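S.K.: Quick one, what's the 3D model for this:
(2 chains)
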Amino acid sequence: MAEILTGAEILCRTLVEGGVEVIFGYPGGAIMPFYHALPDHPRLRHVLVRHEQAAAHAADGYARASGRVGVCVATSGPGATNLVTGLAAAHMDSSPVVAITGQVSRAMIGRDAFQETDIIGITLPITKQNYLVQDVTELADVVRDALAVAIEGRPGPVLIDVPKDVQNQKAEWKQSHPPRIPRARARGQSPGSIDDGIRRAARLIAGADRPLLMVGHGVILAQAYAEVRALAEKTGIPVVTTLLGISAFPEGHPLHLGMPGMHGEVHVNRAIQHADVIIGIGLRFDDRVTGNTASFARQARVVHIDLDRAEIGKNVPVDVGIVGDAREITRRLLAAVEPRRCERWLEHIHGFTRPPAASPHGLSPEAILSAICEASEARCTIVSDVGQHQMWVAKLYPYRRPNTHITSGGLGAMGFAVPAAMGVHLARPDDTVWAISGDGGFQMNMAEIATMVQERLSVKMAVFNNGYLGMVRQWQQFFHGKRYSCTPIWSPDYLKLAEAYGIPGYRVTDPSELTDAVGEANAAPGPAVVEFMIEEEANVYPMIPPGGSLSEPIEAEPAPAPAAG
Amino acid sequence: MTLLVPRAHTVAVLLDDALVTLNRAVGVLRRRNVPVEGLALHPSGTAGLSRLTFVLKADAVTADRVAQQFQKMTGVRSVMVLGGEDITSEAKQ
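M.R.: You can find the predicted model right below:
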């Protein structure tokens, strides 16, 4: 006998059917039918956040750590608009997130009803796809379609806007069947053209004197770790990992050079500038990686392997573009290349290496990160926020396991780490999860400590406190004549804050206190906060000025100059 | 001096006949900040599909980049770029 269900029940059932286990959300008027149906579906664990932005970041963190779709839910109007930053972050970093928003009833749409916003219009440029569900009979297939679209090909966020009356409308429940909504497939490359690309790439590698592998997020998304490592080891080609490619290749491997770009080490950027062949796998040659593209890798022929055809040649000219899955293409390239070594080139690169920059006074980022690594016995996923600490975490933490570095790269959304770490914890309950923030970013979403306490989410929060919005202050120091306009930032007493939430809190002012505080926080059964009082005006070196050439890093505080735009 | 004069490229996009798809398609042009003239939407002759055409005042590389952005959009069925090679001409400064 046909089963008649409400839209809200259909929504829950299709999520369960799609394998969804965790939802981050916040109820409100237009999504109430969904919340009414939710308790009947105990397989869907709902995490009540304190702000919808956190729901989107948490779903993003969950998606990145699990490789599955992360789901967030919000009501119409302000609930939906609060998701926007999180969706934009997921869009920039190719993370599979499905957002479900309530909408005012169909009859009210377009009449500026209470808590009505055009969330479809608002999220068009920051979603891979979005849907306004016009009738309950479409709902199940829309949800199935959305879960598939979010993760297939290059992943990205998808939004489903469900009017309240559609959630209450009734329809016959139909089991999963192939999606009814036809999808035009992005046209890939022809098999012949891929074969040709691989042959040409292999020839370039064979003839190169100074080849370089640049590895990005696509390698993590495709889980092409073994293939990329084998390619590097077979050919002896040194490897650089972009911010989002960090942990795709083991740090400490003799062929691993480090991170390129704005805060890349001098020898890494010099290697790029001297390379005669660059093989880029799963990266988009973002401006933070290339600096001024006109002076980027002028001597290099570029092979670009990416799943998204629109990325090939978008930012830098490409000699050989291969469209496809990083794992599949790298495996085939590995089979096509001849074994070789690049010892002289490696020596050449190591000749560019600078002695390690003098550690900032007192508590150094390096010491803090080693303490975290030791305490967690490297069974740890690091989620970083945005700013100076993000660069220290990217450059100094010794990542050994793949996909253990999660950060907001493309959007650079401050406030990301704390909520994203909640999602990472739920995806990896056996890992220790450290959310590392500055005092600015931490204060953006520290209300989520309440979520952690209520939902028993064990996230260790490190706050690098220098009393400044440090990265902006560094730019003011370098480029704006040390005019520290609006960057000094006051913090509350984080020990009392921790106490107010009933969780352990620690403050570390001296390196001698590191091991105990980090160890205790790490071993505590639930969330904990550790505040690290770091040097106020420490800088991240080296630095390529925005729009500058990778060949011209700033390696020490520049001489005073008049403020520039 | 010699200037690279971008020849106009006509782009024809076959897409789902849905307002949200049209909105997304026009959004691609707006967001990528490409110079467009003569935007027009016509029935395609096939039920459920429309044809969006516009003239892109840009070089072949930009035209190809725009076409790639359309290719990966859900709801887009095909993209055609019409127009010749870029031409160089002598121009006075």
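
S.K.: quick one: residue B:11 and residue B:28, what's the gap?
M.R.: As judged by Cβ to Cβ, to the nearest Å, residue B:11 and residue B:28 stand 11 Å apart. The way it works is simple: take the backbone N, C-alpha and C, and place the C-beta from them, glycine included.

S.K.: Common neighbours of these two, please.
M.R.: Residues touching both residue B:11 and residue B:28 (Cβ atoms under 8 Å, 6 or more residues apart in numbering or on different chains) are B:66, B:70.

S.K.: Of these two, give the one with the bigger neighbour count.
M.R.: Higher neighbour count among residue B:11 and residue B:28: residue B:11, with 22 against 18, using other Cβ atoms under 10 Å in any protein chain shown.

S.K.: residues contacting that one?
M.R.: Applying Cβ under 8 Å, 6+ apart, we find residue B:11 in contact with B:53-56, B:63, B:66-67, B:70, B:79-82.

S.K.: Could I get these in JSON lines, plus columns for distance to chain A, neighbour count and pLDDT?
M.R.: Below are the contacts of residue B:11 laid out as JSON lines (distance: Cβ to the nearest Cβ, whole Å; neighbours: other Cβ atoms under 10 Å in any protein chain shown; pLDDT from 0 to 100):
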{"residue": "B:53", "distance to chain A": "18", "neighbour count": "15", "pLDDT": "96"}
{"residue": "B:54", "distance to chain A": "18", "neighbour count": "21", "pLDDT": "95"}
{"residue": "B:55", "distance to chain A": "21", "neighbour count": "17", "pLDDT": "93"}
{"residue": "B:56", "distance to chain A": "16", "neighbour count": "24", "pLDDT": "92"}
{"residue": "B:63", "distance to chain A": "13", "neighbour count": "23", "pLDDT": "90"}
{"residue": "B:66", "distance to chain A": "9", "neighbour count": "24", "pLDDT": "92"}
{"residue": "B:67", "distance to chain A": "9", "neighbour count": "19", "pLDDT": "93"}
{"residue": "B:70", "distance to chain A": "9", "neighbour count": "23", "pLDDT": "94"}
{"residue": "B:79", "distance to chain A": "9", "neighbour count": "19", "pLDDT": "94"}
{"residue": "B:80", "distance to chain A": "12", "neighbour count": "12", "pLDDT": "93"}
{"residue": "B:81", "distance to chain A": "13", "neighbour count": "16", "pLDDT": "92"}
{"residue": "B:82", "distance to chain A": "17", "neighbour count": "12", "pLDDT": "88"}
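
S.K.: Show me the shaky parts of the stretch 401-550 of chain A.
M.R.: By pLDDT under 70, the stretch 401-550 of chain A contains no weakly predicted segment.

S.K.: which residues in it form strands?
M.R.: With DSSP state E, counting those that start in this stretch, the ranges of strands along the stretch 401-550 of chain A come out as A:405-407, A:432-438, A:460-465, A:505-508, A:528-533.

S.K.: What strand or helix carries the residue most central in space within chain B?
M.R.: By Cα atoms, centre = their mean, chain B has its centre lying nearest to residue B:11, at 3.7 Å. Here residue B:11, judged by DSSP states H and E, is contained in strand B:8-16.

S.K.: Return the per-residue confidence for the residue nearest to the centre of chain B.
M.R.: As predicted, residue B:11 sits at a pLDDT of 94.

S.K.: how many neighbours does residue A:485 have?
M.R.: 9.

S.K.: burial measure for the spatially closest residue to it that is not a sequence neighbour, as a count.
M.R.: Leaving aside its sequence neighbours, residue A:485 sits nearest to residue A:476 (Cβ to Cβ, 6 or more residues apart in numbering or on different chains; 6.6 Å). The tally of other residues near residue A:476 (other Cβ under 10 Å) stands at 19.

S.K.: how many neighbours does residue A:512 have?
M.R.: For residue A:512, the count of nearby residues is 9 (other Cβ under 10 Å).

S.K.: Kindly report the same for residue A:510.
M.R.: Residue A:510 has 9 neighbours, counted by other Cβ under 10 Å.

S.K.: What residues does chain B have near chain A?
M.R.: Contact residues (Cβ under 8 Å from any Cβ of the partner chain) of chain B with chain A: B:20, B:23-24, B:27, B:31, B:61, B:65, B:68-69, B:71-72, B:74-77.

S.K.: right, and the pair among the residues you listed with maximum separation?
M.R.: Maximum pairwise distance among these (Cβ to Cβ): 29.3 Å, between B:20 and B:61.

S.K.: Please say which of these two ends up with more neighbours.
M.R.: Legend: neighbour count by other Cβ under 10 Å for residue B:20 and residue B:61, higher for residue B:20 (17 against 12).

S.K.: so the more buried one sits right up against residue A:133, yeah?
M.R.: No: between residue B:20 and residue A:133 there is no contact under Cβ atoms under 8 Å: 11.7 Å.

S.K.: Point me to the helix or strand that includes the nearest residue to residue A:419 once chain neighbours are set aside.
M.R.: For residue A:419, ignoring the flanking residues on the chain, the nearest one in space by Cβ to Cβ, 6+ apart is residue A:54 at 3.5 Å. Under the criterion of DSSP H and E, residue A:54 resides in helix A:52-66.

S.K.: Next: residue B:56.
M.R.: For residue B:56, the host element (DSSP H and E) is strand B:49-57.

S.K.: Quick check: the residue nearest to residue A:150 when sequence neighbours are not counted vs residue A:142, distance?
M.R.: Of all residues not flanking residue A:150 in the chain, residue A:96 sits nearest, at 4.0 Å (Cβ to Cβ, 6+ apart). Using Cβ to Cβ, residue A:96 is found at 16 Å from residue A:142.

S.K.: What of residue A:554?
M.R.: Distance, residue A:554 to residue A:142, using Cβ to Cβ: 50 Å.

S.K.: In terms of neighbours, single out the busier of those two.
M.R.: For residue A:554 and residue A:142, the more surrounded residue by other Cβ under 10 Å is residue A:142, and the numbers stand at 23 against 16.

S.K.: quick one: contacts for the nearest residue to the more buried one once chain neighbours are set aside?
M.R.: Distances taken as Cβ to Cβ, 6+ apart put residue A:131 closest to residue A:142, at 4.9 Å, once the chain neighbours are dropped. By Cβ under 8 Å, 6+ apart, residue A:131 lies in contact with A:120, A:142, A:145-146, A:158-161, B:20.

S.K.: helices and strands of chain B: which one bottoms out on pLDDT?
M.R.: The helix or strand of chain B with the poorest confidence is strand B:87-90; it has a mean of 44 (mean pLDDT, DSSP states H and E).

S.K.: what about whichever residue of the stretch 201-350 of chain A sits closest to chain B, which SS state?
M.R.: Across the stretch 201-350 of chain A, no residue is closer to chain B than residue A:310, which sits at 3.8 Å (Cβ to the nearest Cβ). Residue A:310 falls in the helix class when you classify it by DSSP: H, G, I helix; E, B strand; the rest coil.

S.K.: Quick check: it touching residue B:72?
M.R.: Yes: at 5.6 Å, residue A:310 counts as touching residue B:72 under the criterion of Cβ under 8 Å.

S.K.: didn't residue A:483 look like it was pressed against residue A:476?
M.R.: Yes: assessed by Cβ under 8 Å, residue A:483 is found in contact with residue A:476 at 5.8 Å.

S.K.: so what sits against both of the two?
M.R.: Here residue A:483 and residue A:476 share no contacting residue, scored by Cβ under 8 Å, 6+ apart.

S.K.: just the CA coordinates of stretch B:40-50, formatted as PDB?
M.R.: Taking C-alpha atoms only, stretch B:40-50 is exported to PDB below (Å, rounded to 0.1, in the frame of the first residue of the first chain):
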ATOM      1  CA  ALA B  40      19.200  37.400 -26.100                       C
ATOM      2  CA  LEU B  41      17.100  34.400 -25.100                       C
ATOM      3  CA  HIS B  42      15.100  32.400 -27.600                       C
ATOM      4  CA  PRO B  43      13.100  29.300 -27.600                       C
ATOM      5  CA  SER B  44      15.300  26.500 -28.900                       C
ATOM      6  CA  GLY B  45      12.700  24.500 -30.800                       C
ATOM      7  CA  THR B  46      13.100  21.700 -28.200                       C
ATOM      8  CA  ALA B  47      10.600  21.700 -25.400                       C
ATOM      9  CA  GLY B  48      12.200  22.600 -22.000                       C
ATOM     10  CA  LEU B  49      15.300  24.100 -23.600                       C
ATOM     11  CA  SER B  50      16.100  27.700 -24.400                       C
END
